[in-house]
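Asker: okay, sequence plus prediction incoming.
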Amino acid sequence: QQFKKATDVLETGIDDVIENPVLETNFYIQLGETFNGLGDMAKKDFFFSKANQLVKEKK
């Protein structure tokens, strides 16, 4: 329930993800979830879209 704190941590952590598309995808999914909890649907959709794009590229 601490969505703002989770968002801050995830946004900081995503900068450190290098060459690991699975981890990057998981970060984007979690960011989407936190923005959903905060009620920011535009950012939620943005991060879920980025996660979906990485999944498609992986195939």
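Answerer: Sure thing, it's come through.

Asker: which ones are touching residue 48?
Answerer: 28-29, 32 (C-beta atoms under 8 Å, 6 or more residues apart in numbering). For glycine as for every other residue, the C-beta is placed from the backbone atoms N, C-alpha and C.

Asker: try 6 Å this time
Answerer: residue 32 (C-beta atoms under 6 Å, 6 or more residues apart in numbering).

Asker: in what helix or strand does it lie?
Answerer: Following DSSP states H and E, one finds residue 48 within helix 41-58.

Asker: quick one: average confidence on that helix?
Answerer: Averaged over helix 41-58, pLDDT sits at 95.

Asker: list the contacts of the residue positioned nearest the centre of the chain.
Answerer: For the chain, the residue nearest the mean C-alpha position is residue 28 (1.7 Å; C-alpha atoms, centre = their mean). When contacts are counted by C-beta under 6 Å, 6+ apart, residue 28 touches 47, 50-51.

Asker: if we go to 10 Å?
Answerer: Residue 28 makes contact with 10, 14, 17, 46-55 under the criterion C-beta atoms under 10 Å, 6 or more residues apart in numbering.

Asker: got a winner among those residues for most neighbours?
Answerer: Neighbours here mean other C-beta atoms under 10 Å. Within the contacts of residue 28, the largest count is held by residue 47, at 22 neighbours.

Asker: what's the separation between that residue and residue 58?
Answerer: From residue 47 across to residue 58, the span is 17 Å (C-beta to C-beta, to the nearest Å).
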